[in-house]
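Peer 1: Next comes the sequence, and after it the predicted model I'd like to discuss.
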Amino acid sequence: MSSYAVVNPASGEKVKEYPEASDADLAAAVAAAEKAHAEWSQTSSVADRAALVQKVADLHGERREELAAIAVKEMGKPIEQALGELDFCVDIYGYYAERAEEFMKDEPIDLLAGDGSALIRRTSMGPLIGIMPWNFPYYQVARFAGPNLIVGNTILLKPAPQCPESAEALQSIYQEAGFPEGAYQTILASNDQIAEIIADPRIRGVSLTGSERAGAAVAEIAGRNLKKVVLELGGSDPFILLSGDVDEAAQAGIDARLDNTGQSCNAAKRFIVAEDLYDDFLEKFSAKMKEAEPADPTSDDAAIGPLSSTTATERLQDQLDRAIKGGAEVVVGGDRKDNFFPTTVLTGITPDNDAYREEFFGPVAAVYKVGSEEEAIQLANDTPFGLGSYVFTDDSEQAQRVANSLDTGMVFVNGVGLDGAELPFGGVKRSGFGRELGPYGMDEFVNKKLIRVLK
């Protein structure tokens, strides 16, 4: 029985099963990726490859409704959010296509002594593996494959087991855009097969977005085989409210917590509120959370849909049950219906509760009261994760102090949903390492080759 199948989380219907690749199929894929790198990547220009990526952007725009419907079916994403994901993909591919030659240009070095010249030339590394999650089946691919194909690296793309149809649609787009055989390949591989491919000397690097457990396993294999790796893992992002308009902060908190039905690594998950604003914020935030009821994800006005799978639902329910058993108080909650999980607000979570350091991947928010800026920072950093963070304050100097003190890869001040194609994305600690998006996203899997010329 294959692990790759589309199971609609809203209905529980198994739509279609996809066969896993055979060992022979994967051997052929690696060989094709190596061949494409040796031939196409080495003979095409940056401009040539950027033009192909721009065509990928155009096709995402043309097929946005078709592609969005697949995401709704595969993982329950509300349709308007699925369409927004496709629009962001268009921006990402276009961003890299437009700036490709600027990002890849030679970088002269001023010599301290001696005659001649020196420069850094950015060149491709070779075939890469991308191991993708289910929560953003198009966006995650865009930010990995787009820049790396422009660099000239070739791509083996392993989708999440529940997202084979979107992966199939992306394969068609890359082929229609004009990429040659072997440049971009979807591989429906098992975990054991992926481990073998990572160890293959022809593979030069691996990028994974997923869980801590998966990241640790991939990093271990990559380390043993001396492969470059980029990891974007979980997050338990703090949302710190120290001063300002509580109504605006409450709405921003909802937007930051419930995007993608709360199934985003960089969603705000822990709300840390100054004691003089705490009661007002908790009341308004809780009221807005209660209003956001799970709905049919195909509806244009659905704020949240079902969780992505029965497994995800059961995992979140177990976390919530353990949190309550450990002393957490439920301010807003309800009974789930199949994979439709009710919005939940918890308070009273203490450091001895498992919930204090776990990531809730769904519409569950934890709210904390703090008595000072210093206490807010300490609580925000008291987590194994370090992906993103949000700071709300009217004091610009305070905003800078807090931003400098947060042990995270990203800080957003007085706003949410501020991600952009030009803004590097990534974290520290158990949230992973490396960056995607922005100019840094194009620099991860690049050979920065020194060329020193005497005369």
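Peer 2: It's in. The structure presented is a predicted model; accordingly, all values stated were derived computationally and were not measured.

Peer 1: Quick one: mean pLDDT over the helix or strand containing Arg315.
Peer 2: Remark: Arg315 resides in helix 310-325, with elements defined by DSSP states H and E. Average pLDDT, helix 310-325: 97.

Peer 1: Kindly report the same for stretch 227-239.
Peer 2: 97.

Peer 1: And for stretch 255-268?
Peer 2: In this model, stretch 255-268 has a mean pLDDT of 97.

Peer 1: for stretch 380-391, same thing?
Peer 2: When pLDDT is averaged over stretch 380-391, the result is 98.

Peer 1: Can you give me the end-to-end span of that stretch?
Peer 2: 10 Å (Cα to Cα, to the nearest Å).

Peer 1: buried stuff in it?
Peer 2: Neighbour-count burial for stretch 380-391 flags 380, 383, 385-391 (criterion: 16 or more other Cβ atoms under 10 Å). C-betas here are computed from N, CA, C, even on glycine.

Peer 1: Stretch 80-96 now?
Peer 2: Residues of stretch 80-96 classed as buried: 81-86, 88-96 (neighbour count, 16+ other Cβ under 10 Å).

Peer 1: Return that stretch as CSV; C-alpha atoms alone will do.
Peer 2: What follows is stretch 80-96 as a C-alpha-only set of coordinates in CSV (Å, rounded to 0.1, in the frame of the first residue of the first chain):
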residue,chain,number,x,y,z
GLU,A,80,-9.4,32.2,-0.4
GLN,A,81,-6.1,31.4,1.5
ALA,A,82,-5.2,28.8,-1.2
LEU,A,83,-5.6,31.5,-3.8
GLY,A,84,-3.5,33.8,-1.8
GLU,A,85,-0.8,31.1,-1.6
LEU,A,86,-0.7,30.9,-5.4
ASP,A,87,-0.5,34.7,-5.7
PHE,A,88,2.5,34.7,-3.4
CYS,A,89,4.1,32.0,-5.5
VAL,A,90,3.8,34.3,-8.5
ASP,A,91,5.5,37.0,-6.6
ILE,A,92,8.4,34.7,-5.5
TYR,A,93,9.1,33.2,-8.9
GLY,A,94,8.9,36.7,-10.4
TYR,A,95,11.1,38.2,-7.8
TYR,A,96,13.9,35.8,-8.5
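
Peer 1: which other residues reach that stretch?
Peer 2: Stretch 80-96 is contacted from outside by 50, 53-54, 56-58, 60-61, 64-65, 67-69, 71-72, 77, 103, 136, 138-139, 142-143, 146-147, 150, 259-260, 300, 302, 419-422, 437, 442, using Cβ atoms under 8 Å, 6 or more residues apart in numbering.

Peer 1: what do you get if the cut-off is 6 Å, keeping everything else the same?
Peer 2: Taking contacts as Cβ atoms under 6 Å, 6 or more residues apart in numbering, the residues outside stretch 80-96 that touch it are 53, 56-57, 60-61, 64, 67-68, 71-72, 136, 138-139, 142-143, 146-147, 150, 421.
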